[in-house]
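> sequence first, then the predicted structure:
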Amino acid sequence: MIKATIAAWLLATSLALGALALPSTAASQVEFSITFAPPPLPVYEQPPIPAPGYIWIPGYWSYGPYGYFWVPGTWMEPPAVGLLWTPGYWGWSDGFFGWYAGYWAPQVGFYGGVNYGFGYPGHGYEGGYWRANRFYYNRTVNNITNVSITNVYSKTVVNNITVNRVSYVGGPGGLTIKPTADEERVAKERHTPPTTAQLQHRDSAASRPELAASINHGKPEIAATAKPNDFTSHVVGASRAGGPVMVHAQDLPKLQPAGSAPKPGSNQAHDYQQQQAALQARQQQEREALAQMQERDHAYMAQQNANARATAAMEHQHRQQTQFMEQRQAQEMQAMRAPTPHSPPHSQPPPAPPRNEPQRH
C-alpha cells in the first residue's frame, strides 16, 4: 500500500516536469529555457572537410519533443565572406537553463566558455581566419586531409580536448566563465542569424529518436556529419559519452547520509539519526516504486512492439521522472538538520509544482 501511494504521487509529480520560463536577464536572447541541465558533451572525431570554404560548426544539445537531443557537428558554408560562427550555449539564470542561440559575425562572441573543441576552446575561435576573401585553416584542429587546401597553418590550441565536458555556464556544476570586454562588444553589434541549412539540420536532428539523450545516454551514434542535414554519408559516431546521463531510477547513485549532525551522545543526535533513517527509508521506497513503474512501462512497450518514436517519448518521460525525484531528494537531504522546536522532521514529500509545457520563443 505504501509503495502504491508513493507510485501514485510520483506519477502526479512527473506531470510537472519540463516547466519552462524565461530567465529574468537577457530574455530577448533566449529561445527557450527548461528546469534541468543539458547532458555533458560527447567525445567524437571531426569528419573530413567536404570542400574548401567550409567552416566547422560544433555539435550541441538542443531540446525537442523527446527532451534533449544531439545536433551533430557539421561543416557549413558561411552566409558571406568574412563571417565566423559564434556557437550557441546553455546558461543558467533564476533556476532555469536557457538556450542562447548562435550567430554569424566578423568576430566570435561569448558562447558560455563551453569547450566545444575543434578550434572552439571556450573563448574565441582558433580554427582559422579570413584574409583577402580566403579562409585559412589551422591544420591542428581541422580535418583537412582529404582535399587540396594550400591556405593552411599550424597553431597549437590549449585544451582543445578537455576532461571537462560541461555543456552549460552558471548554476550547479556549471562553468564559471564571464564574457570578456570584446565579447560583450560583439554581442551588441549586428549579427547574421543561423542559415536555413543550419535550421534544417537542427530540425532534422530533432525528428530522429536515436539522437535523444534518453535513448543514446549521451553517446549519439551520429555525433558529426560532413555536410548539414546529411545523416547517412560520412557520419561519425561518438566514441563515448562526456559523463553519465541518468534516465531511470535504477541509474541513480546510492543515497548518501545528510550532513550537519549534532554532537554524538546528545538527545538531539539520537532524534537526528532517527529522522535521517526515516527520510532515507522513504526515499529508497520512492526509488524502488519509480523503478518498478518504469520497468512496467518497458514491458508494456515491448508487448506493443512500439516504434522508435513511442519508445523515445517514454524514455524522455522516464528521464524527467528520475531527474525530478533526484533533485527533490537531494534538496531534502540538504535540508536535513538537527531537529529544533521550530523545525519538525521531514516526513512528507513537498507538493508538486504546477504543470507548464515547453514553449519556444
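Done, it's in. Numbers count the residues shown, from 1 in each chain.

> show the pLDDT at M333.
On pLDDT, M333 comes in at 78.

> which strands or helices does whichever strand or helix holds it pack on?
Take DSSP states H and E as the rule and M333 turns out to sit in helix 308-335. Packing partners of helix 308-335 (3 or more CB pairs under 8 Å, 6 or more residues apart in numbering; DSSP states H and E): helix 2-14, strand 67-71, helix 213-216, helix 267-303. From N, CA and C alone the C-beta is placed, and that goes for glycine too.

> and the angle for that helix with strand 67-71?
Helix 308-335 and strand 67-71 are oriented at 120 degrees to each other (axes from the mean of the first three to the mean of the last three CA atoms, to 10 degrees).

> so which bits of helix 308-335 are buried?
311-326, 328-329, 332-333 (16 or more other CB atoms under 10 Å).

> let me see the contact set for the closest residue to Y120 other than its chain neighbours.
The shortest distance from Y120 to any non-neighbouring residue, by CB to CB, 6 or more residues apart in numbering, is to P58 (5.5 Å). Residues near P58 by CB atoms under 8 Å, 6 or more residues apart in numbering: G73, P87, Y116, G117, F118, Y120.

> ok, now P179?
P179 neighbours (CB under 8 Å, 6+ apart): G109, F110, A187.

> make CSV from those and add secondary structure, neighbour count and pLDDT to it.
Listed next are the contacts of P179 as CSV, based on DSSP: H, G, I helix; E, B strand; the rest coil; neighbours: other CB atoms under 10 Å; pLDDT from 0 to 100:
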residue, secondary structure, neighbour count, pLDDT
G109, coil, 24, 96
F110, coil, 23, 96
A187, helix, 17, 91
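
> wait, which of those residues is closest to T35?
Nearest to T35 among the contacts of P179: F110, at 23.4 Å, using CB to CB.

> isn't the closest one up against D182?
No - taking contacts as CB atoms under 8 Å, F110 lies outside contact range of D182: 9.2 Å.

> SS state for K178?
coil (DSSP: H, G, I helix; E, B strand; the rest coil).

> could you measure from it over to R309?
K178 is 41 Å from R309, where distance means CB to CB, to the nearest Å.

> next: K219.
20 Å.

> same deal with N216?
15 Å.

> from what I can see V245 touches P39, true?
Yes - counting by CB under 8 Å, P39 is a contact partner of V245 at 4.8 Å.

> between the two, which contacts overlap?
Joint contacts of V245 and P39 (CB under 8 Å, 6+ apart) are A213, G218.

> these two: which is more packed in?
Set side by side, V245 and P39 show more neighbours around P39, with 27 against 20, by other CB atoms under 10 Å.

> list the contacts of that one.
Contacts of P39 (CB under 8 Å, 6+ apart): W61, Y68, S167, A213, G218, A241, G242, G243, V245.

> name the nearest residue to the last one, ignoring sequence neighbours.
Beyond its immediate neighbours in the sequence, the residue positioned closest to V245 (CB to CB, 6+ apart) is G218, lying 4.0 Å away.

> ditto for the first one
The spatial neighbour of W61 that comes closest, neighbours along the chain excluded (CB to CB, 6+ apart), is P38 at 4.1 Å.

> report the contact partners of that neighbour.
Counting by CB under 8 Å, 6+ apart, P38 has contacts W61, Y63, Y68, W90, F97, S167, Y168, A213.
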